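**Q** this is a predicted model, with the sequence first.
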Amino acid sequence: MSLQSMSLMLNITELTLQKILINKDVIHMITHLPELHTLIIKCCQVIINDPIPNALASKLSLLQLEFLSVTGTWGESLCTFVKHLSFRSLMKLRTGILELLEKLVEAPSIISLEINHFLSNDTWQELQPILEATPTLRTFHLSPICRLGPPFKLNPQALPHLEDVESPLPALQGLLPGRCIHSIGIKSYYHLTSSDVKIIK
C-alpha cells in the first residue's frame with residue numbers, strides 16, 4: 001500500500017483485519033490511521049521476522065484505541081505485536097490472549113471485557129489477578145468453552161462497578177456474591193438444579 005493511498009484513509013475510525021498475514025507492512029499501514037478507535041483482528045497470522053523498529057513501535061503505541069478485538073489469531077510474533085499497543089484509552093476488549101489480558105492493568109478506563117476463548121487448564125488462576133486489577137469493569141462475558149478449573153473467590157473489594165455478567169454457572173459463584181449485578185446471562189452446557197438457582201437469588 002502506497003503512502004498516497006493511505007492518505008485517503010486518514011479519517012477511518014474502524015478497521016477489521018480478517019484472514020490475512022499481519023507483517024510490518026500491515027502494522028505500518030495501521031500506524032497511518034490517526035483517527036482509528038476500533039481495531040478488530042479475526043483469524044490472522046502474525047509474522048514479523050525482525051524486531052519492530054523503535055520508530056514504528058512508537059507510532060503503534062500512539063494509537064488511541066477504544067475497542068480492541070483479537071480472536072482466532074496466532075503466530076510467533078503475536079506477543080511482539082500486541083505489547084506495543086497502548087491501552088490508555090481502551091474501554092472494551094474482546095480476546096482470549098493472555099498477553100492482552102495482562103495489559104489490562106494499563107487500561108484505566110476499561111469497562112467491558114469479553115473472553116471468547118482461553119487456552120488454559122485453569123482459567124481462574126490466570127484471570128483472578130487480572131479481574132482484581134480492573135476496578136472500572138462494568139461488563140464481563142466469559143465463553144462456556146473456557147476451562148474454569150477449581151472454584152474461586154474474588155477479593156470482596158474487586159469489581160465494585162460490575163453490572164452485567166455472562167458466564168458459565170461455576171463462574172457466577174465467584175462473581176455474584178457481594179456485587180450489585182443488574183444483568184445475568186448463564187452460559188452452560190449443564191442442567192440447572194435448585195441449588196444452582198440459589199446462587200443468583
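**A** The structure has been received and is ready for your questions.
**Q** what bits of this structure have low per-residue confidence?
**A** Counting by pLDDT under 70, the low-confidence segments of the chain come to 1-8, 118-123, 146-151, 188-201.
**Q** what about the longest helix in it?
**A** Ranked by residue count, the top helix of the chain under DSSP state H comes out as helix 123-132.
**Q** which other helices and strands contact it?
**A** helix 98-102 (3 or more C-beta pairs under 8 Å, 6 or more residues apart in numbering; DSSP states H and E). C-beta: built from backbone N, CA, C; applies to glycine.
**Q** how does it look with 10 Å?
**A** With contacts taken as 3 or more C-beta pairs under 10 Å, 6 or more residues apart in numbering; DSSP states H and E, helix 123-132 sits against helix 98-102, strand 112-115, strand 139-142, helix 169-175.
**Q** let's see the third one as PDB, backbone CA atoms only.
**A** It stands for strand 139-142. Extracted in PDB, the C-alpha atoms of strand 139-142 (Å, rounded to 0.1, in the frame of the first residue of the first chain):
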ATOM      1  CA  THR A 139     -19.400  -5.800  31.800                       C
ATOM      2  CA  PHE A 140     -17.800  -9.200  31.900                       C
ATOM      3  CA  HIS A 141     -18.600 -12.000  29.400                       C
ATOM      4  CA  LEU A 142     -16.900 -15.400  29.600                       C
END
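**Q** list the neighbouring strands of it plus their orientation.
**A** Paired neighbours of strand 139-142 in the sheet (DSSP bridges): strand 112-115 (parallel), strand 164-167 (parallel).
**Q** can I get those in a markdown table including mean neighbour count?
**A** Listed next are the strands paired with strand 139-142 as a markdown table, based on neighbours: other C-beta atoms under 10 Å:
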| stretch | mean neighbour count |
| --- | --- |
| strand 112-115 | 19 |
| strand 164-167 | 20 |
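**Q** for Leu63, find the nearest of the ones you listed.
**A** Closest approach to Leu63 among those (C-beta to C-beta): strand 112-115, 18.6 Å.
**Q** what is the neighbour count of Ala55?
**A** Ala55 has 9 neighbouring residues, counting by other C-beta atoms under 10 Å.
**Q** coming back round to it: Throw the helices and strands packed on helix 123-132 into JSON lines and include distance to Leu56, thanks.
**A** Shown next, in JSON lines, are the helices and strands packed on helix 123-132 (distance: least, C-beta to C-beta, whole Å):
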{"stretch": "helix 98-102", "distance to Leu56": "19"}
{"stretch": "strand 112-115", "distance to Leu56": "28"}
{"stretch": "strand 139-142", "distance to Leu56": "33"}
{"stretch": "helix 169-175", "distance to Leu56": "39"}
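**Q** and of those, who's closest to Ile47?
**A** Relative to Ile47, the nearest member of the helices and strands packed on helix 123-132 by C-beta to C-beta is helix 98-102, separated by 16.6 Å.
**Q** helices or strands up against the closest one?
**A** Right, helix 98-102 is packed against strand 67-71, helix 78-82, strand 92-95, helix 123-132 by 3+ C-beta pairs under 10 Å, 6+ apart.
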